[in-house]
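# Quick one, fold the following:
(one chain, ligands or ions: 1)
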Amino acid sequence: MDHFSYHQGRLMAEQVSVAELADRYGTPCYIYSRATIERHWRAFDRAVGDHPHLICYAVKANSNLAILNLLARMGSGFDIVSGGELARVLEAGGDPAKVVFSGVGKSADEMRQALSAGIHCFNVESEPELERLNEVAKELGLMAPVSLRINPDVDAGTHPYISTGLKQNKFGIPMARAEAAFEMARQLPHIDIKGVDCHIGSQLTTLPPFLAALERLLALIDRLEQRGIQIQHLDVGGGLGVNYGDENPPHPDQYAAALLKQLKGRALTLIFEPGRAIMANAGLLVTRVEYLKQGEDRDFAVVDAAMNDLLRPSLYSAWQAIIAVTPRQGTPRPYDVVGPVCETGDFLGKDRSLVLEPGDLLAVRSAGAYGFAMASNYNSRPRIAEIMADGDQAQLIRERETINQLWQGEHLLP
Ligand code: LLP
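Residues are numbered from 1 along each chain as shown. Modelled structure (predicted):
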């Protein structure tokens with residue numbers, strides 16, 4: 001559930017009118033709802049109940065400092081994938097002792113940064129990474145807390161670009177080498193084995209792939225224990241899907257209950273890395289119709305937001321609902337909602353039934369995750385403003401970039 005709804009014919013973000021925010025801050029802009037973010041995080045946290053656990057929000061979904069700070073205030077941990085994300089978490093007041101560091105390509109510098117900060121765990125994805133981490137920890141005279149990310153070869157049944165747990169994907173250590181990799185970790189003097197982790201993909205809308213992965217990891221943990229390798233935590237990654245349209249994914253309660261049932265009272269601490277499930281439906285992309293353009297084959301609503309602001313439709317053919325901020329009476333017509341960027345792939349939605357006039361405001365729903373975070377300056381478009389609705393108030397949490405910022409750091413030849 002989210003806190004965007006119509007009141008007297010106007011779309012509201014909590015108790016604030018979206019149209020008023022668009023007038024105040026300009027379009028395009030992202031608008032988030034604080035109550036929705038908090039509700040989603042708590043839903044996860046409560047779902048796991050008394051079982052020892054840590055919810056590590058996946059920073060890549062949306063890394064705005066205000067959002068990280070809200071989550072940190074609730075006691076959230078963070079799943080990071082770069083030194084930049086670690087710096088953001090620390091800047092936002094996040095607790096480094098609740099940070100897990102994922103990713104296949106950690107540099108030695110990033111390892112140093114994370115070891116010095118005292119993070120909870122490195123989710124190591126390969127044997128060479130394990131060796132490098134051991135070297136860096138030795139250099140600093142520290143022990144590196146480590147979990148090995150195992151690729152369980154499970155089909156997540158999601159878009160191929162966001163499926164990560166198949167053997168042809170670059171992620172994790174193949175199950176066939178898992179025990180050998182743990183033996184190697186045990187031999188390395190600056191590596192401290194803490195856990196096992198996996199992440200099989202994103203936007204999963206059914207439980208069986210999660211449960212299949214869990215079954216394989218629990219069997220591995222048993223085999224490791226027989227070898228005398230104690231595992232303290234199991235990190236099940238992120239991936240729980242959301243409703244963009246009619247997907248109907250499991251609620252965190254159902255997800256957690258199914259996992260806990262399979263754990264059967266084991267003392268393993270559970271770590272979750274949800275990104276989308278917390279942020280997607282806590283954000284809107286608000287855009288204004290510049291032109292209504294008749295094509296030979298179809299009509300276009302040319303809006304002021306584009307693929308550089310929200311890449312998901314172009315990159316994954318993702319469908320996100322597009323609704324009028326102040327709906328009009330009339331007979332809906334089908335429009336392709338497209339942006340000003342010079343690419344055929346620049347669209348936010350196709351064949352959407354809308355009643356529109358030029359100047360109208362539209363809201364692309366479910367845009368809080370992987371929206372701003374994937375934005376670019378393509379076509380020299382400044383990145384857009386981000387606003388947080390909070391009850392009957394709203395705050396600008398990121399200013400719209402200025403034109404001058406577009407070439408900041410660029411230099412002419414002498
Ligand atoms: N943990 C790891 C190791 C991950 O790679 C990811 C996402 C997550 C957690 C969070 O997954 P979530 O709970 O958000 O599904 N840009 C794509 C999604 C890419 C996800 C990449 N990894 C999209 O817009 O659909």
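# how about the residues of the stretch 301-414 of the chain that lie near the ligand?
312, 316, 369-370 (Cβ under 6 Å from any ligand atom). For the C-beta atoms, the positions are set from N, CA and C on the backbone; glycine is no exception.
# Using pLDDT, spot the least trustworthy of those residues.
Of all these, Tyr316 has the smallest pLDDT value, namely 95.
# Which residue, other than its chain neighbours, is closest to that one?
Excluding the flanking residues, the one nearest Tyr316 by Cβ to Cβ, 6 or more residues apart in numbering is His159, at 5.2 Å.
# one step back: just flag the most distant two among the residues of the stretch 301-414 of the chain next to the ligand.
Tyr316 and Ala369 (12.6 Å; Cβ to Cβ).
# what about these two, which has more around it?
Ala369 (26 against 16; other Cβ atoms under 10 Å).
# From His233, how far out is the residue most central in space within the chain?
For the chain, the residue nearest the mean C-alpha position is Ala61 (2.3 Å; Cα atoms, centre = their mean). Going from Ala61 to His233 by Cβ to Cβ, to the nearest Å gives 22 Å.
# The ligand contacts on the stretch 151-300 of the chain?
Counting by Cβ under 6 Å from any ligand atom, the residues of the stretch 151-300 of the chain near the ligand are 162, 199, 202-203, 237-240, 273-277.
# Go through those residues and flag which are in helices.
Here DSSP state H is the test, and these give 276-277 as lying in helices.
# could the residues of the stretch 151-300 of the chain next to the ligand go into CSV alongside pLDDT?
What follows is these, written out as CSV (pLDDT from 0 to 100):
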residue, pLDDT
Ile162, 68
His199, 95
Ser202, 95
Gln203, 96
Gly237, 97
Gly238, 97
Gly239, 97
Leu240, 98
Glu273, 98
Pro274, 98
Gly275, 98
Arg276, 98
Ala277, 98
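# Please pick the buried ones from the residues of the stretch 151-300 of the chain next to the ligand.
Among those, those scoring as buried are 162, 199, 202-203, 237-240, 273-277 (criterion: 16 or more other Cβ atoms under 10 Å).
# I'd like the average pLDDT over the longest strand anywhere in the chain.
Criterion DSSP state E: the longest strand present in the chain is strand 283-294. Confidence over strand 283-294 (mean pLDDT, whole number) is 98.
# Point out the other helices and strands that it packs with.
helix 18-25, strand 29-33, strand 299-303, strand 361-364 (3 or more Cβ pairs under 8 Å, 6 or more residues apart in numbering; DSSP states H and E).
# what's the most buried one of the ones you listed?
With neighbours taken as mean count of other Cβ atoms under 10 Å, those reach their highest mean count in strand 29-33, at a mean of 27.
# Name the residues of the next helix or strand after it that are buried.
Once strand 29-33 ends, the next helix or strand along the chain (criterion: DSSP states H and E) is helix 34-48. By 16+ other Cβ under 10 Å, the buried positions in helix 34-48 come out as 34-41, 43-45, 47-48.
# from the residues you listed, which is closest to the ligand?
Phe44 (10.1 Å; Cβ to the nearest ligand atom).
# so what's the closest one closest to, chain neighbours aside?
Using Cβ to Cβ, 6+ apart, the closest residue to Phe44 is Pro252 (4.8 Å).
# Equivalent analysis for Pro249, please.
Nearest non-adjacent residue to Pro249 (Cβ to Cβ, 6+ apart): Gly241, at 3.8 Å.
# What about that neighbour, how many residues nearby?
21.
# again, but for the one 5 residues further on
Residue crowding around Asp246 was assessed by other Cβ under 10 Å; the count is 6.
# repeat for the one 4 residues further on
Pro250 is flanked by 17 other residues according to other Cβ under 10 Å.
# thinking Gln395 is in contact with Leu70, fair?
No. Gln395 sits out of contact with Leu70 when judged by Cβ atoms under 8 Å, with a separation of 11.1 Å.
# higher neighbour count, these two?
Comparing Gln395 with Leu70 by other Cβ under 10 Å, the one with more neighbours is Leu70, at 21 against 12.
# Give the next helix or strand downstream of the helix or strand harbouring that one.
Following DSSP H and E, one finds Leu70 within helix 65-73. Later in the chain than helix 65-73, the nearest helix or strand by DSSP H and E is strand 77-80.
# That next one packs against which elements?
Using 3+ Cβ pairs under 8 Å, 6+ apart, strand 77-80 sits against strand 53-58, helix 65-73, helix 83-91, strand 99-101.
# Tell me who's in contact with Arg328.
When contacts are counted by Cβ atoms under 8 Å, 6 or more residues apart in numbering, Arg328 touches 355-357, 360.
# what bits of the stretch 151-300 of the chain have low per-residue confidence?
Along the stretch 151-300 of the chain, the model assigns pLDDT under 70 to residues 162, 165.
# What segments of it are strands?
Secondary structure of the stretch 151-300 of the chain by DSSP state E, counting those that start in this stretch: the strands cover 173-174, 191-197, 233-235, 269-272, 283-294, 299-303.
# Go through those and name the closest to Gly391.
strand 283-294 (16.9 Å).
# Which phi and psi values does the residue nearest to Pro249 adopt?
Note on Gly241: backbone dihedrals following degrees, to the nearest 10 are phi -80, psi 170.
# was I right about it contacting Ala277?
Yes. The pair Gly241 / Ala277 is scored as a contact, 7.5 Å apart, by Cβ under 8 Å.
# can you map out the helices along the stretch 101-250 of the chain?
Along the stretch 101-250 of the chain, counting by DSSP state H, counting those that start in this stretch, helices occupy 108-117, 127-140, 175-187, 208-226.
# In ChimeraX, how would I select just the buried ones from the contacts of Arg328?
Selecting only the buried entries of the contacts of Arg328 in ChimeraX, with 16+ other Cβ under 10 Å as the criterion:
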select :356,360
